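K.L.:
Structural data only, the sequence is not supplied:
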Ligand code: C2O
Ligand code: CU
């Protein structure tokens, strides 16, 4: 097992896209940022140096960081931001992860431009559970805002209005040739006829789930969120939520030509959505005249929930001898939690959200308020008045969460910094229940510090008598982020064997900004090696 060192220099750099030059915060001047490439079980030290103009934190999305919450990154959850002019060396401890994950800023909305791939190859002496690919490509789907992202979210939170959508989605930083001034810069993936490539696809977009495809080429999905799955062959699209990754084999077996790669939003919560498709080109090497028009993939339409669910239901763990699974069977703690986009009252009744109120969001009707010092520090040093441990209450059982009309009180959540506290090694089941408040939509829920097994899902309200009978306990997918269906539910399980303070939130950035989040604290076990590691000498100071 190896130790690797990376330097991340955060600084403003100029980029020109959509006919306009602006300065964005980058890592090492690149967008998307640098790739971390290591083997399973390695340790990585990243020296993060902030040469920008405001405080930032960095998170290793999908890394479990066993007993090591100190370097996980979410702002005011596990640390205070790294201030301009200072650095913080983060120790990233890999354990069971194998495949593709990513890293991103986890403060304000800086992750829009501060993110990159985190590739974990099989440990030395082991191999992929599929034939070695001839080559490898990384695809990072992002979003480009013409305006300043920090301003966009600040204004939206102040006015209470819906957050402005971005101006383009991007593939490896490029909007693609369906956008103005983007013809020449379209991203090209060069391939040789007859060869098979491993595409590592990351959805780093801020707010939209995506349908993705390559014209006339089958996608064979072999991994997701740094865990192997039973190969899903011959699918012509995937659905990938912000936060998710998919490892996909593509064989260049069509006649040598140019083929469009396209990614288009899946947005089931809105009547219409007009941010357009981003494109790239799969280009065969050789001498030939490319067809005109270039073949384009056919993708589901923006609100096709059925297509999204159909794809998600195909995900199953590989569950082989070399890659066994470990689903908890005897649950000691079960948690039922509702997910809603709501409103909060506007003091002067002239906010720009629905009915003059402000938009907000909640889990079990608590809209999470991020404290001004980090919860990890408050927990570790037992500082009072930072958070409370009373989450979640059972939602009232007379309540029909997915009915057309939902009781009014659900529209107005309570503000609070409430966390879930688990004993070490509890076998946990969480059922996330989508609600019809504000008509509902698919929410990509993400948990730090763990991967979890998706054991069941369905439409309407969860029924704890009948639904568990249909759980998949033999090969449920092991993920760190999963879309909870609109007006439906999803059940997941994990073993609480990682003591620490772990953020849980919707990975649609506007929803987490509105309060669709909570924290899971896992207590120490009874021995030193089942307890949180000692803190580093210097954490970034809280002001
Ligand atoms: Cu991708 Cu809380 O993070
Ligand atoms: Cu959401």
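P.N.:
Now that the structure is in, tell me what you want to look at. From a predicted model like this one, the values you see are computed outputs, not experimental measurements. Ligands and ions are numbered 1, 2, ... in the order given.

K.L.:
Could you use CA atoms for every contact and neighbour count after this?
P.N.:
OK.

K.L.:
And the residue in the stretch 101-250 of the chain that ligand 2 sits nearest to, how far from residue 141?
P.N.:
In the stretch 101-250 of the chain, the residue found nearest to ligand 2 is residue 207; the distance is 8.6 Å by CA to the ion. According to CA to CA, to the nearest Å, residue 207 stands 12 Å off from residue 141.

K.L.:
now do residue 186
P.N.:
13 Å.

K.L.:
and if you look at residue 500?
P.N.:
Counting by CA to CA - residue 500 and residue 141 are separated by 31 Å.

K.L.:
neighbour count winner among residue 186 and residue 141?
P.N.:
Set side by side, residue 186 and residue 141 show more neighbours around residue 141, with 25 against 22, by other CA atoms under 10 Å.

K.L.:
Need the residues that contact the helix or strand where residue 247 lies.
P.N.:
Assessed by DSSP states H and E, residue 247 sits inside strand 245-251. Strand 245-251 has contacts (CA atoms under 8 Å, 6 or more residues apart in numbering) with 99-101, 133, 194-203, 217-226, 240.

K.L.:
For ChimeraX, write the select line for the buried members of those residues.
P.N.:
Buried residues within the contacts of strand 245-251, by 16 or more other CA atoms under 10 Å, are selected in ChimeraX with:
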select :99,100,101,196,197,198,199,200,201,202,203,217,218,219,220,221,222,223,224,225,226,240
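
K.L.:
just for this protein, where's the confidence low?
P.N.:
270-275, 396-399, 406-409 (pLDDT under 70).

K.L.:
Please report the residue range of the longest strand in it.
P.N.:
Secondary structure of the chain per DSSP state E: the longest strand is strand 3-17.

K.L.:
which is the next helix or strand following the helix ranked longest in the chain?
P.N.:
Ranked by number of residues, the top helix in the chain under DSSP state H is helix 149-159. For helix 149-159, the following helix or strand on the C-terminal side (DSSP H and E) is strand 168-171.

K.L.:
tally of neighbours for the residue of the chain found nearest ligand 2?
P.N.:
Nearest residue of the chain to ligand 2: residue 443, at 3.9 Å (CA to the ion). Here the number of neighbours of residue 443 (other CA under 10 Å) works out to 27.

K.L.:
wait, it sits on residue 485?
P.N.:
Yes - with contact defined as CA atoms under 8 Å, residue 443 counts as touching residue 485 (6.9 Å).

K.L.:
which residues make contact with stretch 115-129 from outside it?
P.N.:
Looking at what lies outside stretch 115-129 - CA under 8 Å, 6+ apart - the contacts are 1, 27, 31-41, 97-105, 138, 140, 202, 204, 226, 228.

K.L.:
now swap in stretch 334-353 and tell me
P.N.:
Contact with stretch 334-353 is made by 159-162, 354, 356-365, 392, 394-395, 410-413, 428-438, 440, 511, 516, as judged by CA under 8 Å, 6+ apart.

K.L.:
Go through those residues and flag which are in helices.
P.N.:
Cross-referencing these against helices under DSSP H gives 159, 511.

K.L.:
what about burial for the contacts of stretch 334-353, which qualify?
P.N.:
Buried members of these, counted by 16+ other CA under 10 Å: 159-162, 356-365, 392, 410-413, 428-438, 440, 511, 516.

K.L.:
which among the residues you listed are in contact with ligand 2?
P.N.:
Subset of the buried ones among the contacts of stretch 334-353 in contact with ligand 2: residue 511, counting by CA under 5 Å from the ion.

K.L.:
Now do the helices in the stretch 351-500 of the chain.
P.N.:
375-380 (DSSP state H, counting those that start in this stretch).

K.L.:
My guess is the residue of the stretch 101-250 of the chain closest to ligand 2 contacts residue 508. True?
P.N.:
Yes - here residue 207 reaches residue 508: they are 4.5 Å apart, a contact under CA under 8 Å.

K.L.:
Need the residues touching each of those two.
P.N.:
Common contact partners of residue 207 and residue 508 (CA under 8 Å, 6+ apart): residue 242.

K.L.:
Need the buried ones from the contacts of stretch 115-129 selected in ChimeraX.
P.N.:
Here is the ChimeraX selection string for the buried members of the contacts of stretch 115-129, based on 16+ other CA under 10 Å:
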select :27,31,32,33,34,36,38,39,40,41,97,98,99,100,101,102,103,104,105,138,140,202,204,226,228
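
K.L.:
Take the contacts of stretch 115-129 and keep only those in strands.
P.N.:
Counting by DSSP E, the contacts of stretch 115-129 place 27, 36-39, 99-105, 138, 140, 202, 228 in strands.

K.L.:
Check those and tell me the two furthest apart.
P.N.:
Based on CA to CA, the longest span within the ones in strands among the contacts of stretch 115-129 runs between 27 and 228 and measures 29.3 Å.

K.L.:
List the buried residues for stretch 138-148?
P.N.:
138, 139, 140, 141, 142, 143, 144, 145, 146.

K.L.:
what's it in contact with?
P.N.:
Outside stretch 138-148, the residues that reach it (CA under 8 Å, 6+ apart) are 18, 20, 22, 32, 112, 116-117, 165-173, 175, 199-206, 263.

K.L.:
what about it, distance to the chain center?
P.N.:
15 Å (CA atoms, centre = their mean, to the nearest Å).

K.L.:
can you start the count at 231 instead of 1 from here on
P.N.:
Done: numbering now begins at 231, and the last item shifts to stretch 368-378.

K.L.:
can you pull the contacts of the residue of the chain closest to ligand 2?
P.N.:
Counting by CA under 8 Å, 6+ apart, residue 673 has contacts 712, 713, 714, 715, 716, 736, 737, 738.

K.L.:
interface residues of the stretch 231-380 of the chain facing ligand 2?
P.N.:
Counting by CA under 5 Å from the ion, the stretch 231-380 of the chain has no residue next to ligand 2.

K.L.:
if we can go back for a sec, which among the contacts of stretch 368-378 end up buried?
P.N.:
Buried members of the contacts of stretch 368-378, scored by 16+ other CA under 10 Å, are 248, 262, 342, 346-347, 395-403, 405, 429-436, 493.

K.L.:
ranges for the helices of the stretch 431-580 of the chain?
P.N.:
According to DSSP H, counting those that start in this stretch, the helices that the stretch 431-580 of the chain contains are 535-542.

K.L.:
Nearest to the middle of the chain, which residue? Look it up for me.
P.N.:
residue 473 (1.7 Å; CA atoms, centre = their mean).

K.L.:
show me the contacts for that one.
P.N.:
291, 432, 433, 434, 674, 676, 711, 737 are the contacts of residue 473 under CA under 8 Å, 6+ apart.

K.L.:
Quick check: chain neighbours aside, which residue is closest to the fourth one?
P.N.:
Nearest residue to residue 434, sequence neighbours excluded (CA to CA, 6 or more residues apart in numbering): residue 372, at 5.0 Å.

K.L.:
what about the one you found, which helix or strand?
P.N.:
strand 365-374.

K.L.:
what's the neighbour count on residue 611?
P.N.:
The burial count for residue 611: 9, using other CA under 10 Å.

K.L.:
Could you do residue 760 as well?
P.N.:
Residue 760, neighbours per other CA under 10 Å, totals 17.

K.L.:
cool, and residue 620?
P.N.:
11.

K.L.:
Next one: residue 691 from residue 565, what distance?
P.N.:
Distance, residue 691 to residue 565, using CA to CA: 15 Å.

K.L.:
Looking at those two, which is more packed in?
P.N.:
Using other CA under 10 Å as the criterion, residue 691 and residue 565 rank with residue 691 on top: 18 against 15.

K.L.:
dump the residue contacts of that one.
P.N.:
Taking CA under 8 Å, 6+ apart, one finds 630, 631, 632, 663, 717, 718, 719 in contact with residue 691.

K.L.:
All set, thanks.
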